[in-house]
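Peer 1: have a look at this fold, sequence not included:
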Ligand SMILES: Cc1cc2nc3c(=O)[nH]c(=O)nc-3n(C[C@H](O)[C@H](O)[C@H](O)COP(=O)(O)O)c2cc1C
């Protein structure tokens with residue numbers, strides 16, 4: 001298969017689009033972040049990569065708390081707006097008509113309209129080059145009740161907003177399932193190792209991230 005080498009870049013094609021919130025100069029502010037990831041399960045931690053010039057970063061560094069709000073596709077316009085204007089100049093909460101609520105972390109403003117909200121305490125800050133990597137310990141996870149099925153978060157109801165980095169960058173909706181994780185590969189495991197389905201199920205925990 002012919003390949004073409006392009007400039008080295010962190011092109012992993014898609015990432016989530018989240019709204020990172022902080023209290024800045026005494027008021028809640030949100031910025032769009034595409035460079036967001038999960039970095040630890042116990043205790044639960046996420047990371048967000050933020051350029052030093054962002055107004056939101058000032059609040060995160062001052063209070064050492066922040067939030068990660070997952071917008072659904074219906075909030076694409078508001079999420080984009082939070083990524084093109086700075087809270088240093090406008091009150092994004094008022095323009096976007098966000099309803100704000102708080103859990104126990106009073107410096108981690110949460111957006112009611114977003115189906116998933118994480119309230120985080122800063123665990124570590126890694127000063128890279130263009131970005132600072134904020135690693136946050138997730139203290140609280142809130143989910144809109146209507147986005148649960150049998151008490152568990154349902155991605156089809158959450159409808160996360162996917163960011164595709166390819167130029168021109170664009171937002172996408174969650175697509176169709178192509179198979180169950182930790183199961184679709186089972187056929188190859190069995191073929192290679194001769195393990196029965198039963199034995200494979202016992203070993204499945206090894207597949208955790
Ligand atoms: C979809 C999208 C994703 C973005 N991702 C990031 C990001 O990961 N890190 C970052 O520093 N800026 C990112 N930005 C830019 C900031 O959201 C933007 O500069 C914003 O206006 C900063 O707001 P603030 O000054 O109120 O903090 C993104 C913008 C968009 C539209």
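Peer 2: Looks like it came in fine. For clarity, every value in this text was computed on a predicted model and none was experimentally measured.

Peer 1: what's the neighbour count on the residue nearest to residue 41 when sequence neighbours are not counted?
Peer 2: The shortest distance from residue 41 to any non-neighbouring residue, by C-beta to C-beta, 6 or more residues apart in numbering, is to residue 209 (7.1 Å). All C-beta spots, glycine's among them, are computed from the backbone N, C-alpha and C. For residue 209, the count of nearby residues is 6 (other C-beta atoms under 10 Å).

Peer 1: so what's the predicted local confidence for residue 209?
Peer 2: On pLDDT, residue 209 comes in at 73.

Peer 1: now do residue 191
Peer 2: For residue 191, the model assigns a pLDDT of 79.

Peer 1: likewise for the one 10 residues further on?
Peer 2: At residue 201 the predicted local confidence, pLDDT, stands at 59.

Peer 1: is it true that residue 86 lies in a helix?
Peer 2: No: looking at residue 86 with DSSP: H, G, I helix; E, B strand; the rest coil, it is coil, so not inside a helix.

Peer 1: now the residue of the chain found nearest the ligand. Nearest residue, chain neighbours left out?
Peer 2: Nearest residue of the chain to the ligand: residue 83, at 2.4 Å (C-beta to the nearest ligand atom). Using C-beta to C-beta, 6+ apart and skipping residues adjacent in sequence, the residue nearest residue 83 is residue 32, 2.9 Å away.

Peer 1: do the helix or strand harbouring that neighbour and the ligand meet?
Peer 2: Here residue 32, judged by DSSP states H and E, is contained in strand 27-33. Yes: using C-beta under 6 Å from any ligand atom, strand 27-33 reaches the ligand at 29, 31, 32, 33.

Peer 1: give me the sheet partners of the next helix or strand after that strand and which way each runs.
Peer 2: Next along the chain after strand 27-33, taking DSSP H and E as the criterion, comes strand 36-40. Using DSSP bridges, strand 36-40 pairs in its sheet with strand 45-50 (antiparallel).

Peer 1: now the strand it pairs with: average pLDDT?
Peer 2: Strand 45-50 shows a mean pLDDT of 98.

Peer 1: repeat for stretch 165-176
Peer 2: The pLDDT scores in stretch 165-176 average 93.

Peer 1: how about that stretch: buried residues?
Peer 2: For stretch 165-176, the neighbour count (16 or more other C-beta atoms under 10 Å) marks residue 171 as buried.

Peer 1: tell me where the protein has strands.
Peer 2: 14-16, 18-24, 27-33, 36-40, 45-50, 65-70, 100-101, 110-111, 116-127, 132-143, 148-149, 152-153, 161-164, 170-173 (DSSP state E).

Peer 1: from the ones you listed, which stretch is densest packed?
Peer 2: strand 18-24 (a mean of 28; mean count of other C-beta atoms under 10 Å).

Peer 1: walk me through which strands that one pairs with, and which way each runs.
Peer 2: Strand 18-24 pairs in its sheet with strand 27-33 (antiparallel), strand 65-70 (antiparallel), by DSSP bridges.

Peer 1: distance from the chain centre to the shortest one, please.
Peer 2: In this case it means strand 65-70. Centroid displacement of strand 65-70 relative to its chain, using C-alpha atoms, centre = their mean, to the nearest Å, is 9 Å.
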